[in-house]
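Asks: The following comprises the amino acid sequence and a computationally predicted model.
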Amino acid sequence: MEQVTDGKEKLIIFTAPSGAGKTTLVRHLLQKMPDKLAFSVSATTRARREKETDGKDYYFLEDKEFKRRIEAGMFLEYEEVYEGTIYGTLKSEVNRIWQQDKVVIFDVDVKGATNIKSQYPENSLAVFVKPPSIEALEQRLRNRKSESEESLRKRIARARMEMEYEGNFDVTLVNDVLPIAKEGALAIVESFLLPTKQDSASEDIKNS
C-alpha cells in the first residue's frame with residue numbers, strides 16, 4: 001500500500017548483500033550531513049554483537065515481542081532474512097525522524113528496501129550497493145571473523161540471490177575502492193536532496 005505524505009518528507013534507502021559495505025557508506029553520510037539526515041534504526045530478533053548498542057545499531061527484540069508488534073501493525077516492513085531471524089522497520093522510527101525535519105536514511109536488506117520503495121515511490125531514493133564480485137564479498141565476510149562456516153555459506157548463498165534485485169532500485173553504486181564509493185554516495189545523496197523548482201518557488205513565496 002502506497003503511503004501518502006505532503007511531498008516534503010524524503011527517504012533514502014541503502015541496500016546491498018551483507019558485506020557489500022552499505023553500513024559503512026551510511027555512517028559516512030551521517031557524519032557528512034548530520035543536520036539533514038537521521039538513521040532509521042531497524043528492529044531485529046538476532047543476538048546483539050559485541051560493540052553493538054541497543055537503540056543505536058538496532059532495537060534488539062525477543063521473538064515473541066517482535067511478533068506482537070507485527071500483529072499490532074507497528075512495522076512499515078519486516079522480513080525473515082535468515083531462518084529464525086527477523087528484521088523490520090518500525091513506523092515510529094520514520095515519524096520520529098520526520099518530526100525532526102530530517103530525511104530518513106535506511107540501511108536495510110533488499111526485500112525490505114523493495115517494500116519501502118513501493119510504499120514511497122515518489123519521495124524516496126533507493127541505492128543498491130554492489131560488491132565488485134561475489135568472491136570479493138566472500139573475502140570481506142571472512143575478514144569480519146564473526147561468522148561460522150555454516151553462517152558464511154548461508155550469507156553467500158543469499159548474496160547471490162540478492163544481486164538479482166539490482167534492477168529494482170534507482171541507482172547502483174559499486175563499492176570497490178571505499179574512498180571512491182564514499183564520494184559517489186555523497187554525490188548521489190546531495191543530488192537527490194537538491195530542492196525542486198516547486199520547492200524553491202514555495203520558499204520564495206514564504207520569504208517574500
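Replies: Structure's in. What do you need?
Asks: CA-only coordinates of the helix or strand hosting Ser118 in PDB, if you can.
Replies: Per DSSP states H and E, Ser118 falls inside helix 110-119. Taking Å, rounded to 0.1, in the frame of the first residue of the first chain, the C-alpha atoms of helix 110-119 are listed here in PDB:
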ATOM      1  CA  VAL A 110      16.900  -5.900  -0.500                       C
ATOM      2  CA  LYS A 111      13.400  -7.100   0.300                       C
ATOM      3  CA  GLY A 112      12.900  -4.500   2.900                       C
ATOM      4  CA  ALA A 113      14.200  -1.900   0.500                       C
ATOM      5  CA  THR A 114      11.800  -3.000  -2.200                       C
ATOM      6  CA  ASN A 115       8.900  -2.800   0.300                       C
ATOM      7  CA  ILE A 116       9.800   0.700   1.500                       C
ATOM      8  CA  LYS A 117      10.400   1.900  -2.100                       C
ATOM      9  CA  SER A 118       7.000   0.600  -3.200                       C
ATOM     10  CA  GLN A 119       5.300   2.400  -0.400                       C
END
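Asks: how far is whatever helix or strand comes next after that helix from where the chain is centred?
Replies: Using DSSP H and E, the helix or strand that follows helix 110-119 towards the C-terminus is strand 124-130. Averaged C-alpha coordinates place strand 124-130 at 8 Å from its chain's average position (CA atoms, centre = their mean, to the nearest Å).
Asks: Over to stretch 165-185?
Replies: With CA atoms, centre = their mean, you get 13 Å for stretch 165-185.
Asks: average model confidence for stretch 119-130?
Replies: The average pLDDT for stretch 119-130 rounds to 94.
Asks: Contacts for it, please.
Replies: By CB atoms under 8 Å, 6 or more residues apart in numbering, the residues outside stretch 119-130 that reach it are 1-3, 5, 7-16, 20-22, 25, 76-77, 110, 113, 116-117, 163, 165-166, 168-175, 181, 185, 188-189, 192. All C-beta spots, glycine's among them, are computed from the backbone N, C-alpha and C.
Asks: Please repeat the previous calculation with a cut-off of 7 Å.
Replies: 1-3, 5, 7, 9-16, 20-22, 25, 113, 116-117, 166, 169-175, 188, 192 (CB atoms under 7 Å, 6 or more residues apart in numbering).
Asks: With stretch 61-71 instead?
Replies: By CB under 7 Å, 6+ apart, stretch 61-71 touches Ala43, Thr45, Phe75, Tyr78, Ile86.
Asks: would TSV of the residues you listed with secondary structure be doable?
Replies: Converted to TSV, the contacts of stretch 61-71 look like this (DSSP: H, G, I helix; E, B strand; the rest coil):
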residue	secondary structure
Ala43	strand
Thr45	coil
Phe75	strand
Tyr78	strand
Ile86	strand
